[in-house]
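**Student:** sequence first, then the predicted structure:
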Amino acid sequence: SKQSVCIIGAGAAGLCALRHFACDSLNFEPVVCYEQANCLGGTWNYVETEEAQSCVHSSMYRDLK
């Protein structure tokens with residue numbers, strides 16, 4: 001019997017977990033991943049607008065290189 005998996009968050013850890021479970025289709029059902037933001041990447045994303053800053057927690061800032 002295959003197990004169901006749900007991943008919360010599509011940041012660095014969530015994407016790694018998603019890949020891990022998705023590659024093992026013999027033991028797991030298709031994996032579901034939920035992400036709060038409109039894009040993948042979590043703290044890798046820089047969000048410019050103040051409205052988006054209120055709901056997305058990121059350590060990125062505009063001049064980070």
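**Tutor:** Yep, it's here. All values reported here derive from a predicted model rather than from experimental measurement. Residues are numbered from 1 along each chain as shown.
**Student:** and Gly41, how many neighbours does it have?
**Tutor:** Neighbours of Gly41 under the rule other C-beta atoms under 10 Å: 16. Heads up, the C-betas are built off the backbone N, CA and C, glycines and all.
**Student:** nope, Gly14 is what I was after
**Tutor:** Per other C-beta under 10 Å, the neighbour tally for Gly14 reads 18.
**Student:** the residue nearest to it when sequence neighbours are not counted: which element?
**Tutor:** Nearest residue to Gly14, sequence neighbours excluded (C-beta to C-beta, 6 or more residues apart in numbering): Ile7, at 5.1 Å. Secondary-structure assignment from DSSP states H and E places Ile7 in strand 6-8.
**Student:** next SSE after that strand?
**Tutor:** Using DSSP H and E, the helix or strand that follows strand 6-8 in sequence is helix 12-23.
**Student:** just checking, what packs against that next one?
**Tutor:** The helices and strands touching helix 12-23, judged by 3 or more C-beta pairs under 8 Å, 6 or more residues apart in numbering; DSSP states H and E, are strand 6-8.
**Student:** buried stuff in the strand it packs on?
**Tutor:** For strand 6-8, burial by neighbour count (16 or more other C-beta atoms under 10 Å) applies to Ile7.
**Student:** adjacent strands (with direction) for it?
**Tutor:** strand 32-34 (parallel) (DSSP bridges).
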